[in-house]
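In: Below is the structure, and that's it, no one-letter string:
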């Protein structure tokens, strides 16, 4: 059996079709009652696109268990927890609070304590392989090249989300050492899509960013030049979620290692922040988004509405993906993210 948290989320809805393709039964740990979770999952998988052919069969192929990721035993009964642990062959921990500007205590509650409870399940499941979804941005404010095995908080963090995911990954590594069990850690970069997102479906960071831009344009009225403190040399790593899900599935199909193997699931080509800013202006022509050394009050509102994106406008971090590139067969790499792709993603 494959157990997954976060199946109804943005990444989980892209990943689920690949898990079902293994032929293994899938149990999704969800926060809603099963009928509501099924409706959410059907909408999310349909929006993701890759799994549309599975929609008719999905209700019979996915079992839902209502769970509380931060509660002892995941909020399950003793019987449910033992049954799940005994049957699990893979445990995918994809659930997380990804809002960069959320309250730090809430981020820790969901991302760190939730991971702790999943580790308890993995500890009771001797035949299960744990696959933990972290983020490439556990590197925090580091600049330059970050290797896949690096986990260092010496440079600090750009937001509390990064810090919570760092703490969660450190828990996973400690658990792997203590139990002598192989663990796979995925560190995706910024996962995006250029598909139109229907209402009530999970959104990705560029979709959230685009919505914030439109709200700002409505508030400010034309013309409204907006400044962003940053560097013209800054880059960000944007990766289509469809590729990320296929790459993770390819890693999971290979035998696990003997320690905590970490994979940067990232694009081979970074996207210049200036390209993102130009696409923002294309999507909201009433806003002229530019880099500046002298932010104004409207710029602060821009930072608020764009959910922390401004903190990355001076980043020069690059992610090594040597270990990921050794996986075979790995899907063909996606092309560089174009301005047209950015426009569609911001408008989705």
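Out: Arrived safely, thanks for sending. Fair warning: this is a prediction, and the values are worked out from it, not measured in the lab.
In: How far does stretch 273-293 stretch from one end to the other?
Out: Distance between the two ends of stretch 273-293: 16 Å, counting by C-alpha to C-alpha, to the nearest Å.
In: What residues of that stretch count as buried?
Out: Judged by neighbour count (16 or more other C-beta atoms under 10 Å), stretch 273-293 contains these buried residues: 273-281, 283-284, 287, 289, 291. All C-beta spots, glycine's among them, are computed from the backbone N, C-alpha and C.
In: What are the contacting residues of that stretch?
Out: By C-beta atoms under 8 Å, 6 or more residues apart in numbering, the list of residues contacting stretch 273-293 from outside reads 209-210, 213-214, 216-217, 220-232, 234-236, 299, 302, 312-313, 315, 337, 339, 342-343, 346-347.
In: before we move on, the earlier item: just the buried residues of stretch 273-293: which are in strands?
Out: The strands, defined by DSSP state E, take in 287, 289, 291 from those.
In: Residue 225 falls within a strand, correct?
Out: Yes: Residue 225 forms part of a strand when assessed by DSSP: H, G, I helix; E, B strand; the rest coil.
In: quick one: the closest residue to it other than its chain neighbours from residue 41, how far?
Out: The spatially closest residue to residue 225, leaving aside those adjacent along the chain, is residue 288, at 4.3 Å (C-beta to C-beta, 6 or more residues apart in numbering). Plainly put, residue 288 is 40 Å away from residue 41 if you go by C-beta to C-beta, to the nearest Å.
In: In CSV, list the ones in strands among the buried residues of stretch 273-293 along with distance to residue 64 and pLDDT.
Out: Formatted as CSV, the entries for those read as follows, by distance: C-beta to C-beta, whole Å; pLDDT from 0 to 100:
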residue, distance to residue 64, pLDDT
287, 42, 82
289, 42, 83
291, 46, 85
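In: out of these, which one sits closest to residue 29?
Out: Within these, distances to residue 29 taken as C-beta to C-beta reach their minimum at residue 289, with 39.8 Å.
In: how near is that closest one to residue 346?
Out: From residue 289 over to residue 346 (counting by C-beta to C-beta), the distance is 11 Å.
In: Mutual contacts of the two, please.
Out: When C-beta under 8 Å, 6+ apart defines a contact, the residues bordering residue 289 and residue 346 alike are 213, 280.
In: Secondary structure element holding residue 130?
Out: strand 129-133 (DSSP states H and E).
In: what does the longest helix along the chain contact?
Out: As far as residue count goes, and with DSSP state H defining each element, the longest helix of the chain is helix 160-179. Helix 160-179 is contacted from outside by 96-104, 107-108, 110-112, 114-116, 119, 122-123, 130, 132, 134-135, 137-140, 151, 153, 157, 181-183, 185, 259-260, 308, using C-beta under 8 Å, 6+ apart.
In: got the contact list for residue 182?
Out: Taking C-beta under 8 Å, 6+ apart as the test, what residue 182 contacts is 129, 176, 256-261.
In: on that earlier part again, list buried residues within the contacts of helix 160-179.
Out: Burial of the contacts of helix 160-179 was assessed by neighbour count (16+ other C-beta under 10 Å); the buried members are 96-100, 102, 107-108, 110-112, 114-115, 119, 122, 130, 132, 134-135, 137-140, 151, 153, 157, 181, 183, 185, 260, 308.
In: Among these, which are located in strands?
Out: Among the buried ones among the contacts of helix 160-179, the members falling in strands are 130, 132, 183, 185, 260 (criterion: DSSP E).
In: Mind putting the residues you listed into CSV with distance to residue 167 and pLDDT?
Out: Rendered in CSV, the data for these read as follows (distance: C-beta to C-beta, whole Å; pLDDT from 0 to 100):
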residue, distance to residue 167, pLDDT
130, 17, 98
132, 13, 98
183, 16, 97
185, 14, 98
260, 15, 93
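In: what's the closest of those to residue 69?
Out: Within these, the smallest distance to residue 69 is 12.9 Å, found for residue 132 (C-beta to C-beta).
In: how about stretch 231-242: buried residues?
Out: Neighbour counts using 16+ other C-beta under 10 Å place 234-242 of stretch 231-242 among the buried residues.
In: actually stretch 44-63, sorry about that
Out: Using 16+ other C-beta under 10 Å as the test for burial, stretch 44-63 gives 44-48, 50-51, 54, 58, 62.
In: rewinding a little: could you dump the ones in strands among the buried residues of stretch 273-293 to TSV with distance to residue 323?
Out: TSV is the format used below for those (distance: C-beta to C-beta, whole Å):
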residue	distance to residue 323
287	40
289	36
291	34
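In: Nearest to residue 20 among the residues you listed?
Out: residue 289 (40.8 Å).
In: is that closest one in a bridge, and if so with what?
Out: residue 226 (DSSP bridges).
In: distance of it from residue 61?
Out: Following C-beta to C-beta, the distance that separates residue 289 from residue 61 is 44 Å.
In: next SSE after the lowest-mean-pLDDT helix or strand in the chain?
Out: Counting by mean pLDDT, DSSP states H and E, the chain has its least confident helix or strand at helix 297-305, which shows a mean of 75. With elements assigned by DSSP H and E, the helix or strand that comes after helix 297-305 is strand 317-319.
In: and residue 307, what pLDDT?
Out: Among the per-residue scores, residue 307 holds a pLDDT of 66.
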